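1. With the sequence up front, the predicted model follows.
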Number of protein chains: 2
Amino acid sequence: MARPRKPLLSRERIVETASALVDSEGLDAVSTRRLAAELGVSGPSLYNHFRNKDEILDAVADALSARIDLSMFDEGDARGWSDALHDWAVSYRGVLTDHPNVVPVLARGPGRRPAGLRVADAVFGAMVRAGWPPAQATYIGALMRYFITGSALGSFARGFVDDRDAYDPADYPHLGQAHLLAERQEKVDEGAFETGLRALVDGLALQYETFGEKTQR
Amino acid sequence: MARPRKPLLSRERIVETASALVDSEGLDAVSTRRLAAELGVSGPSLYNHFRNKDEILDAVADALSARIDLSMFDEGDARGWSDALHDWAVSYRGVLTDHPNVVPVLARGPGRRPAGLRVADAVFGAMVRAGWPPAQATYIGALMRYFITGSALGSFARGFVDDRDAYDPADYPHLGQAHLLAERQEKVDEGAFETGLRALVDGLALQYETFGEKTQR
DNA sequence: ACCTGAACACCGTTCAAGT
DNA sequence: ACCTGAACACCGTTCAAGT
C-alpha cells in the first residue's frame, strides 16, 4: 500500500480510538500494535503522528482535562471561592470516574498538556483573585488535585477483596464488614469523596478567616 | 546447575532486591528477567516463589505498609481522634515519599496484603471507638487514603515542566512562575500536604461537632 | 523442591523501502 | 508526507528437563 492518496490516520482519529480502547479494555490493552490494528493500519504508522506512545496517552488525558468545567472560576461568576472550588472538584471527579482507566496518566501532572495547564491556571488565578496569597493559592491547587485524583485512582472500596475469608477477625477485628465494600463501591467512594470535599473546603475557609485577621493587624 | 542443595532464592531476598530496584531505577526497571539477573538467577526461577510479577510488587508494597506508624490508634494513646488521624497521615506520607516509585502499586488498595489491611483496620477501629458512626468511619479511612496517596503519587510540583517557554502568558495568564515549581518541588508538595491535612482534619472536626449535636437531641 | 534453557506470544521503536 | 515489513532488543509466563 505504501502511502495512500488520502492519509489514513490523523491525530484526532488516533486519540479517539485510543480513548475508546482505554475505556473499554484498560490501559494495558493500549499497545501500539493493538491500537494500530484497531485503526486498520500497521504499528509503526503511529509514529508519523506522535513521537511515542506516551504522547498518545498524554493526548488522551488532555482530552479529558478539556472536559472539566472551569466556568465557576470566571470573573463574572457570583459564587464565592469556596463554592467555586467545591463545584469544580465535583466536575473534575465526575470526568475522572467516567474514565477511571485514564486516571493514572492524568495523575502524572499537566506537563505540557494545554488543557491540564488551563485547569491549573484557572484555579490558581481564581484563588489569588479571592485574596489568597500566591503561595497558598499554589497549595490549594495542589492539594485539591491530590484529593481528586487520589479518589478517582484508588477506589477505596474496589481496593478490598470481595471474600469474607480474607478478613480473619483475629487479625483484623474491625473489618468484619469489609467484604461488603466491593458491592457498595460506588456509594462508599461517593460518600467518602463528598465528606472529604466538604471537610477540605470548610477547613480551608477556617484558614482563610485566620489569615484575614492576621493581615488586618 | 538445576537444583542447588541450598535454595538460591527466598521470598524475602526477592522482595528486598525488588524494593531496592524500584527505589533506584523505577517501577519499569523491574522486569522478571532484570530482577532475576540482579539475584544471580534466571528469569523463570522467580515463579517458584511467587505466582506472578504482580505478587512480587504487592509484597514490596506491603513491606512499605508495614512501616506506617499505627501506635497513635492504640487504646492507651492519649491523643484525640483528630490528632491521631493527623499524626498517622504524616507517618503514612513520610513512608511513601521515601519510596515514591512504589506508590502506584500501593494505590491499588490493600487487596489481600496483610499490612495494608492492618492499616485499614486500625483507622476504622479508632474512629468508631471515638464515636464516629461506622459509615462515617469508613469514609474517613477512604478519604484520608485518597489524599495521602494522591499527594505522594502526583507530586504536584514535579508535574510541571521546568521550562519558562512552556507557559505562554497569553494562554495561561497566572502561570508566570510555574517553571519555578520544579526546583521548589519539595517545599511546595510539603506545604500543600500540610495545608490540606490541616484543612481536612479541621473540617472533619466541624462535622463531628454537628453530628454530636444531632445525636444529643 | 528448585533451578535451567527453550519457547510462545507478546512489547516499543527504528529504519530502509515504497509511492 | 505517510504508509509498509523487517528487525532489534526487549517483555511475562509456561513447561519439560535436570538433580
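-> Looks like it arrived, so ask away.
2. Can you see whether the lengthiest helix in chain A contacts chain B, counting any residue in it?
-> Longest helix in chain A by number of residues (criterion: DSSP state H): helix A:185-216. Yes. Against chain B, helix A:185-216 shows contacts by CB under 8 Å from any CB of the partner chain at A:188-189, A:191-193, A:195-196, A:198-204, A:206-207. Where C-beta positions appear, they are placed from N, C-alpha and C, glycine not excepted.
3. Please state the mean pLDDT value computed over that helix.
-> Throughout helix A:185-216, pLDDT has a mean value of 88.
4. Now do the SS call for A:Gly176.
-> At A:Gly176 the chain is in coil, as set by DSSP: H, G, I helix; E, B strand; the rest coil.
5. Go ahead and list the helix or strand containing A:Asp62.
-> helix A:53-65 (DSSP states H and E).
6. Residues of chain A that sit close to DNA strand D?
-> A:1-4, A:7-9, A:36, A:41-45, A:48-49 (CB under 7 Å from any atom of the strand).
7. now with 6 Å?
-> Applying CB under 6 Å from any atom of the strand, one finds that chain A approaches DNA strand D through A:1-4, A:7-9, A:41-42, A:44-45, A:48.
8. Show me the domain layout of chain A.
-> Domains of chain A are assigned by automatic domain parsing as A:11-63, A:69-216.
9. If I average pLDDT within each of these, which one is lowest?
-> When the domains of chain A are ranked by mean pLDDT, domain A:69-216 comes last with a mean of 92.
10. Endpoint to endpoint, stretch A:162-171 covers what distance?
-> One end of stretch A:162-171 sits 17 Å from the other (CA to CA, to the nearest Å).
11. How far off centre is that stretch?
-> 32 Å (CA atoms, centre = their mean, to the nearest Å).
12. for DNA strand C, what are the nearby residues on chain A?
-> Within chain A, the positions lying close to DNA strand C (CB under 6 Å from any atom of the strand) are A:2-3, A:31-34, A:43-44, A:47, A:52-53.
13. Quick check: phi and psi at A:Phe160.
-> Backbone torsions of A:Phe160, given as degrees, to the nearest 10, read phi -100, psi 150.
14. Tell me how many other residues crowd it.
-> Residues near A:Phe160, counting by other CB atoms under 10 Å in any protein chain shown, number 25.
15. Excluding covalently adjacent residues, which one is nearest to it?
-> A:Leu181 (4.5 Å; CB to CB, 6 or more residues apart in numbering or on different chains).
16. Would you confirm that A:Thr97 contacts A:Ile148?
-> No. Using CB atoms under 8 Å, A:Thr97 is not in contact with A:Ile148, being 10.1 Å away.
17. Same drill for these two, tell me which one is more crowded.
-> A:Ile148 (30 against 16).
18. For the strand or helix carrying that one, name the packing helices and strands.
-> Per DSSP H and E, A:Ile148 falls inside helix A:134-153. In terms of contacts (3 or more CB pairs under 8 Å, 6 or more residues apart in numbering or on different chains; DSSP states H and E), helix A:134-153 is packed against helix A:81-98, helix A:103-106, helix A:114-129, helix A:185-216, helix B:134-153, helix B:185-216.
19. Can you tell me which of those is packed in deepest?
-> The highest mean neighbour count among those, using mean count of other CB atoms under 10 Å in any protein chain shown, belongs to helix B:134-153: a mean of 25.
20. Helix A:134-153 and that one, what's the angle between them?
-> Per axes from the mean of the first three to the mean of the last three CA atoms, to 10 degrees, the angle that helix B:134-153 makes with helix A:134-153 is 120 degrees.
21. Run the chain-centre distance for helix B:134-153.
-> Using CA atoms, centre = their mean, the offset of helix B:134-153 from its chain centre is 11 Å.
22. what does stretch A:103-113 give?
-> Centre-to-centre, stretch A:103-113 and its host chain are 8 Å apart (CA atoms, centre = their mean).
23. Fine by me, thanks again.
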